[in-house]
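1. Dropping the sequence and predicted coords here.
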Amino acid sequence: MGLEKQYSEGYADNNGVQIFYHDHGPADGEPILLVHGLGAQLVHWPEHLIDFLKKHNYRPITYDNRDVGLSTRFVGKPAFVLDYVKYFLRLPLKSEYTIDNMAEDGIKLLDSLGIEKAHILGTSMGGMIAQIISSQYSERVKSLTLIASTASTPSPLNAPTREVRELMMQRSKNPNASVEEVYEREVKIVTLIGMEGRIVDTPEFREDTFKNFKRAADGSGYARQMLAILASKNRLQKVKEIKASTLIIHGEHDPMIDVKNAYTMHKLIPQSSLEIIPGMRHLIEPEVLEMFEEKLLHHLKLCSQLDE
């Protein structure tokens with residue numbers, strides 16, 4: 001079967017919310033649903049990771065979470081600073097959707113593709129979504145992989161570093177930034193949360209940023225997704241219900257979600273293993289990609305054997 005016949009794209013429906021996806025094939029590969037993080041589009045997954053999974057006969061399925069990329073956009077304009085203050089004062093927050101709704105999007109996508117059971121991999125906010133999928137729809141999950149994620153919600157003692165918070169706030173307050181403003185902001189944030197010492201401002205990074213901006217220039221979904229995180233309850237009790245074998249991968253120096261969150265999840269999730277990657281911050285960078293892929297493949301193969 002040619003590569004062009006293995007790949008498909010389209011929309012899955014969840015009560016009127018349209019979720020755009022790429023099914024990378026092969027059709028006879030073991031499905032693995034890749035759930036991305038805050039504000040990230042499906043095109044942000046490393047191509048090397050997609051090719052690696054296909055090479056080992058896995059079937060990667062990537063998608064735009066609601067409110068980003070080509071999936072359904074919402075229209076509310078969160079008062080992000082005020083909402084953040086309300087959150088820390090423990091006042092009620094209203095969001096247009098929750099992390100639970102986003103987990104349901106993933107299940108509806110699997111339904112639309114006729115997939116009964118899949119490996120689930122989530123990074124950052126995608127890990128939060130993956131926790132809900134794995135705890136509430138356990139019969140659909142072959143294995144779970146959580147990357148740079150947390151079962152907690154932000155708090156003064158468990159929040160991104162000040163520099164990261166400031167850039168997140170800027171992005172939330174300026175959803176209609178120009179492509180040059182977006183590029184400047186992306187260079188700053190990746191410098192902070194990517195590998196230490198990485199030179200980010202390169203022609204390749206500029207080209208990718210401009211291409212992704214052209215695909216979906218509206219950045220307003222970022223603030224609404226952040227509000228969904230704040231409005232959702234923590235999952236510290238929920239993750240205890242996860243039955244799937246779980247691999248937790250976290251960067252040793254993550255400035256977005258502190259590594260202590262990985263240790264907490266490892267204690268709470270019954271069948272979990274923990275891998276702390278030296279030198280890694282929040283992103284899966286080229287410098288650690290091969291190490292990450294090796295650990296992921298070992299986990300997937302072991303879970304596939306147990307599922308037979």
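-> It's in.

2. mind checking the end-to-end distance for stretch 150-169?
-> 20 Å (CA to CA, to the nearest Å).

3. how far away is residue 288 from residue 26?
-> Separation of residue 288 from residue 26 (CB to CB, to the nearest Å) stands at 27 Å. From N, CA and C alone the C-beta is placed, and that goes for glycine too.

4. Am I right that residue 116 is in a helix?
-> No. Under DSSP: H, G, I helix; E, B strand; the rest coil, residue 116 sits outside any helix and is assigned coil.

5. Please identify the helix or strand for residue 184.
-> helix 179-193 (DSSP states H and E).

6. what helices or strands is the next helix-or-strand element following that helix leaning on?
-> Of the helices and strands lying after helix 179-193 in sequence (DSSP H and E), the nearest is helix 203-215. Applying 3 or more CB pairs under 8 Å, 6 or more residues apart in numbering; DSSP states H and E, one finds that helix 203-215 makes contact with helix 179-193.

7. How about the helix it packs on, which residues are buried there?
-> Buried residues in helix 179-193, counting neighbours by 16 or more other CB atoms under 10 Å, are found at 182-183, 185-193.

8. what's near enough to touch residue 278?
-> Residue 278 makes contacts with residue 252, as judged by CB atoms under 8 Å, 6 or more residues apart in numbering.

9. For residue 221, see how far away it is.
-> 34 Å.

10. Write down the beta-bridge partners of residue 19, one by one.
-> Counting by DSSP bridges, residue 19 forms beta bridges with residue 12.

11. How about residue 217: what's its closest non-neighbour residue?
-> Spatial nearest neighbour of residue 217, chain neighbours left out: residue 179 (7.5 Å); criterion: CB to CB, 6 or more residues apart in numbering.

12. Please export the C-alpha coordinates of stretch 231-247 as CSV.
-> This file holds the C-alpha atoms of stretch 231-247, laid out as CSV (Å, rounded to 0.1, in the frame of the first residue of the first chain):
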residue,chain,number,x,y,z
ALA,A,231,-11.9,25.9,35.7
SER,A,232,-11.3,22.2,35.8
LYS,A,233,-10.8,20.3,39.0
ASN,A,234,-7.4,18.8,39.8
ARG,A,235,-7.2,15.1,38.9
LEU,A,236,-5.2,13.9,42.0
GLN,A,237,-8.0,11.4,42.9
LYS,A,238,-9.0,10.7,39.3
VAL,A,239,-5.6,9.4,38.2
LYS,A,240,-5.8,6.7,40.9
GLU,A,241,-8.5,5.1,38.8
ILE,A,242,-6.2,4.7,35.7
LYS,A,243,-5.9,1.1,34.9
ALA,A,244,-3.6,1.3,31.9
SER,A,245,0.1,0.8,32.2
THR,A,246,1.5,4.3,32.2
LEU,A,247,4.8,5.8,31.3
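
13. can I assume residue 126 is in contact with residue 145?
-> No. Look at residue 126 against residue 145 with CB atoms under 8 Å: they stay out of range, at 10.3 Å.

14. any idea where the helices of the stretch 51-200 of the chain begin and end?
-> Listed from the start of the chain, the stretch 51-200 of the chain has helices (DSSP state H, counting those that start in this stretch) covering 80-88, 99-112, 125-136, 162-173, 179-193.

15. right, so those helices: which one is the most enclosed?
-> helix 125-136 (a mean of 25; mean count of other CB atoms under 10 Å).

16. from memory the residue nearest to residue 217 sits against residue 210, does it?
-> Yes. The pair residue 179 / residue 210 is scored as a contact, 5.9 Å apart, by CB under 8 Å.
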